[in-house]
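**Student:** here is a sequence together with a model predicted from it:
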Amino acid sequence: MHLDFSPQDQQFREEVRAWIAQAYDADLRAMMAQSKNGYLDKAGQVRWQKALHARGWAAPNWPKEYGGPGWSATERFIFQSELAAAGCPPVSPMGLKMVAPVIMKYGTPEQKQRFLPPILSSDVWWCQGYSEPNSGSDLASLQLRADHGSDGDGEHYILNGSKIWTTHAQWADWMFCLVRTSRESKRQEGISFLLLDMHTPGITVSALPTLDGPMPGQQEVNQVFFENVRVPVANRIGEEGKGWTYAKYLLEFERGGTYSPMLRKQLSKIAEIAAEQPGDDGGRLLDDPVFRRKLAALHLRAAALEAVELRVFSGVESGTSIGAASSMLKLTGTETLQAASELAVEAAGPAALPFVQDTWAELQGRDAQPRVGPDYAAVLAPRYFNYRKASIYGGSNEIQRNIIAKLVLGL
């Protein structure tokens, strides 16, 4: 796809590049080079997001009235492309990209005033309370109880149950959470959407080990337990029992997004690795026709994905809802990311093996062997394992295919 940018767009691109060169310093680059999932530890992530906020660029998709930069779709595309090309970390999505749009659309004026500014400045960290031990892709079956209570402090809900696979709950100050407030109607109609303070008595966060193995500062998912946790009714978004509507709106932002810039960066790295590794014939792996065919196929998938992203985001610019297109982006984007992580491990070959063995040793409680190999290999196996979840979170890709079949193909 060929795009002709205006002189103003080119000037904006140079402005973004100059800012990245100054703000994305050597320390942040070193941390990012050893990230298994594309994010930094909390201190590094907050530092990066506060730098974006100081420049007014933390929330490119936010309306200007709430502190967004007021960019066009082209400017947002240029901005995301330049961040990806430089290898910058993405912003943590739970606050800026997920709960904030829900608060903007369905929250009260008081909720907007209270929650949106600290989300924008990254002063308050959020996590998502959707999945439960027996409610994953079938989210409507969730069971976390929210019973009504009332005392001198006013009306509140009393929560009992648990949430699971809660990303960065150990860092979070607040959670946006789906709870069951009624069992008398259809499952979807008994769900409400609450905002809750993670420091409330009765909340316990328990870390969950994952297949990608522990890496310093990169522990990711947790189970969160609620025992008689009191949440003010004033922290409910919208009407009681309408949480399913708000959750579906939020999922458009979780499932959508830009995958192609990240893929281009990863494919470029794979080519660098393959240029250093020997092929079966003794030459460079990058010159092997079978490997080049695999790499070219991923470049084509990334280019096709970019075309769809541009078409979708152009529609959003004119006021069109993302709708089922978010399922298409999520499905194609996550599966292409997984394929790229597989090809990266293949490119590294034996250089990635010590890190695979390390992961198993750490999960089994054994001492890991000293790590030997090029620096880039340290994250390839953990990233491969980490991306296995990409086709599950946000609604499994099997569910996305059902949505596409129903809403797009009419089956």
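**Tutor:** Received it, and whenever you're ready, just let me know what you need.

**Student:** shaky segments in the chain?
**Tutor:** Scanning the chain for pLDDT under 70 picks out 1-4, 136-137, 152-153, 213-218, 252-257, 313-323, 354-375, 411.

**Student:** which residues of it fall in strands?
**Tutor:** Listed in chain order, the strands of the chain (DSSP state E) span 126-129, 145-151, 154-164, 174-180, 191-197, 203-207, 222-232, 236-237.

**Student:** columns distance to residue 85 and mean neighbour count on top of those, output as JSON lines?
**Tutor:** C-beta here means a position set from N, CA and C on the backbone, and glycine is covered the same way. Output for those, formatted as JSON lines (distance: least, Cβ to Cβ, whole Å; neighbours: other Cβ atoms under 10 Å):
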{"stretch": "strand 126-129", "distance to residue 85": "28", "mean neighbour count": "26"}
{"stretch": "strand 145-151", "distance to residue 85": "45", "mean neighbour count": "14"}
{"stretch": "strand 154-164", "distance to residue 85": "36", "mean neighbour count": "19"}
{"stretch": "strand 174-180", "distance to residue 85": "32", "mean neighbour count": "25"}
{"stretch": "strand 191-197", "distance to residue 85": "36", "mean neighbour count": "23"}
{"stretch": "strand 203-207", "distance to residue 85": "34", "mean neighbour count": "14"}
{"stretch": "strand 222-232", "distance to residue 85": "33", "mean neighbour count": "19"}
{"stretch": "strand 236-237", "distance to residue 85": "37", "mean neighbour count": "24"}
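
**Student:** let's have the ones you listed in CSV, adding distance to residue 391.
**Tutor:** As requested, the strands of the chain are exported to CSV (distance: least, Cβ to Cβ, whole Å):
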stretch, distance to residue 391
strand 126-129, 18
strand 145-151, 30
strand 154-164, 18
strand 174-180, 22
strand 191-197, 25
strand 203-207, 23
strand 222-232, 21
strand 236-237, 29
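
**Student:** residues in contact with residue 227?
**Tutor:** Applying Cβ atoms under 8 Å, 6 or more residues apart in numbering, we find residue 227 in contact with 160, 202, 204.

**Student:** what ranges do the helices span in this structure?
**Tutor:** 7-23, 26-33, 42-55, 73-85, 93, 100-106, 109-120, 243-255, 260-276, 289-317, 325-348, 353-363, 380-386, 397-407 (DSSP state H).

**Student:** any idea how far the spatially most central residue of the chain lies from residue 238?
**Tutor:** When the chain is reduced to its mean C-alpha position, the closest residue under Cα atoms, centre = their mean turns out to be residue 93, at 5.4 Å. Taking Cβ to Cβ, to the nearest Å as the measure, residue 93 falls 21 Å from residue 238.

**Student:** got it, and residue 118?
**Tutor:** Counting by Cβ to Cβ - residue 118 and residue 238 are separated by 21 Å.

**Student:** didn't residue 56 look like it was pressed against residue 64?
**Tutor:** No. Using Cβ atoms under 8 Å, residue 56 is not in contact with residue 64, being 10.2 Å away.

**Student:** quick check: closest non-adjacent residue to residue 390.
**Tutor:** Nearest non-adjacent residue to residue 390, counting by Cβ to Cβ, 6 or more residues apart in numbering: residue 334, 3.9 Å away.

**Student:** picking that back up, of residue 56 and residue 64, who's got more company?
**Tutor:** residue 56 (13 against 9; other Cβ atoms under 10 Å).

**Student:** so what touches stretch 11-28?
**Tutor:** 5, 40, 44, 47-48, 51-52, 55, 57, 75, 78-79, 82-83, 86, 88-89.

**Student:** brilliant, that's me finished.
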